[in-house]
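**Student:** Sequence and computational prediction follow.
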Amino acid sequence: MGLLEIAGLAKRFGAVPALVGLDLRVEAGEFLALLGGSGSGKSTLLRLIAGFEAPDAGSIRLGGQDLTAMPPHARPLNMMFQSYALFPHLSVGNNVGYGLRREGTPRAEREARVAEALAMVGMQELAGRMPHRLSGGQRQRVALARALVKRPKLLLLDEPLGALDANLRERTGFELRALQRRTGASFIMVTHDQQEALALADRVAVLEHGRLVQAGPPRAVYERPATRFVAGFLGAANVLEGAPDAAGGLDCPGLGSTLRAPAPMPAGTTACALRPERIALGQPVGGANTASGVVEDLAFRGDDSLLLVRAAGGTLLRVSHAEEDGPPPAIGSTVTMGWEAAAVVPLAG
């Protein structure tokens, strides 16, 4: 049994289904990231777990305890909001200790736990400072300390790094993961930042229209997307349409060639995913997977360039060209492309 067990969870807002029969399991000590586009249901799921919304069907169990009808304050979990929601009239220390004070925790114990929580996030020297005198990163740390001070079994994070600039996001993200490992609590994080989810989480769960379409370790989901949606949403893979041929490949008119995977395509396959970084330029024509095209545009991205290549059949391919491989081909030039059979991922839907 996992720490959190969600079964058949459903929620509608009027005529609009937000979640449809969703099943999800989170293990003790696991860091799970929820991904999906706007309206996919990820924030609704977080609010249902927290108790801020009531499901129309299904159950939520934490440590074997049924939380489905339990009010938010009684649930052995905590939630960190995107806005941080600090009390402006309370000091850092009083913000962190607010929940303990409401519960009647003795003063000595409360002060010790507040000091412990602030030390975990490196804010112990700022316990007396007011929120308006903190930077965005410092406010984020205070909100995290407040969420952890009650030692919840499960911590819910709604876009926890969304208000930070790029450099601070990366550094704080690594600190967040280290903190999760140190406390042993389970984290469920909603984020729109795919790179953030891949970098921090033990497992990612991708939602589409209120349904869980794929869940697994970040590398597995990235390299082997199950559906067209996951392939296009997570890392923007090339999704190539076609029809099966007699030899187990996928004939792609828009590519001007036939895709070959390590094994014959599953019956009914009509699309495959191909990641931009798995495509090499200048490969000899005639291999198992090759195509030609014309470079229509390119964008420098630091350690690589993203090329938009119009294949002979008309499909526009995204191709990554590493800087270490030399200057990228010029716009308007004709290129040959090649990729290994293992880079071709048949898609289910």
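**Tutor:** Sure thing, it's come through.

**Student:** can you pull out the strands in the stretch 51-200 of the chain?
**Tutor:** 57-62, 65-66, 77-80, 154-158, 186-190 (DSSP state E, counting those that start in this stretch).

**Student:** Deepest-packed of the ones you listed, please.
**Tutor:** Each of those was assessed for mean neighbour count using mean count of other CB atoms under 10 Å. The highest is strand 186-190, with a mean of 25. The C-beta positions use only the backbone N, C-alpha and C, and glycine is treated the same way.

**Student:** what's Ser43 in contact with, if anything?
**Tutor:** Neighbour list for Ser43: Asp158, Val190 [criterion: CB atoms under 8 Å, 6 or more residues apart in numbering].

**Student:** which stretch of helix or strand covers it?
**Tutor:** Following DSSP states H and E, one finds Ser43 within helix 42-50.

**Student:** Could you export that helix as PDB, CA atoms only?
**Tutor:** Written as PDB, here are the backbone C-alpha positions of helix 42-50 (Å, rounded to 0.1, in the frame of the first residue of the first chain):
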ATOM      1  CA  LYS A  42      -3.700  19.100 -11.900                       C
ATOM      2  CA  SER A  43      -4.600  22.000  -9.700                       C
ATOM      3  CA  THR A  44      -8.000  20.500  -9.000                       C
ATOM      4  CA  LEU A  45      -6.400  17.300  -8.000                       C
ATOM      5  CA  LEU A  46      -4.200  19.100  -5.500                       C
ATOM      6  CA  ARG A  47      -7.100  21.000  -4.000                       C
ATOM      7  CA  LEU A  48      -9.100  17.700  -3.700                       C
ATOM      8  CA  ILE A  49      -6.200  16.100  -1.800                       C
ATOM      9  CA  ALA A  50      -6.000  19.100   0.400                       C
END
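
**Student:** I'd like the distance from that helix to the chain centre, please.
**Tutor:** Remark: helix 42-50 is offset 15 Å from the chain centroid, using CA atoms, centre = their mean, to the nearest Å.

**Student:** With stretch 237-250 instead?
**Tutor:** Using CA atoms, centre = their mean, the offset of stretch 237-250 from its chain centre is 28 Å.

**Student:** Could you do stretch 294-306 as well?
**Tutor:** 25 Å.

**Student:** For that stretch, which residues meet the burial criterion?
**Tutor:** Neighbour-count burial for stretch 294-306 flags Val295, Leu298, Asp304, Ser305, Leu306 (criterion: 16 or more other CB atoms under 10 Å).

**Student:** which residues touch the last one?
**Tutor:** This points to Leu306. Going by CB under 8 Å, 6+ apart, the list of residues near Leu306 reads Pro276, Leu298, Ala299, Arg318, Val319, Ser320, His321.

**Student:** partners of the helix or strand hosting it, with directions?
**Tutor:** Under the criterion of DSSP H and E, Leu306 resides in strand 304-311. Sheet pairing for strand 304-311, assigned by DSSP bridges, gives strand 290-300 (antiparallel), strand 316-322 (antiparallel).

**Student:** before we move on, back to that, now, the most widely separated pair of the buried residues of stretch 294-306?
**Tutor:** Taking CB to CB, the two most distant members of the buried residues of stretch 294-306 are Val295 and Asp304; they sit 14.5 Å apart.

**Student:** Touching stretch 119-138 from outside, list them.
**Tutor:** Residues outside stretch 119-138 that contact it (CB under 8 Å, 6+ apart) are 86-88, 90-93, 95-96, 114-115, 118, 139, 141-142, 144-145, 148, 163-165, 168, 172, 175, 179, 182-183.

**Student:** buried subset of the residues you listed?
**Tutor:** With neighbours counted using 16+ other CB under 10 Å, the contacts of stretch 119-138 contain these buried positions: 86, 91-93, 95-96, 114-115, 118, 139, 141-142, 144-145, 148, 164, 172, 175, 179, 183.

**Student:** domains of the protein?
**Tutor:** Per automatic domain parsing, the domain ranges recorded for the chain read 4-223, 234-346.

**Student:** Now for the residue nearest the centre of the chain: which residues touch it?
**Tutor:** Central residue of the chain (CA atoms, centre = their mean): Ala197, 3.5 Å from the mean position. Applying CB under 8 Å, 6+ apart to Ala197 gives the contacts Ala33, Leu35, Met189, Thr191, Val204, Pro218.
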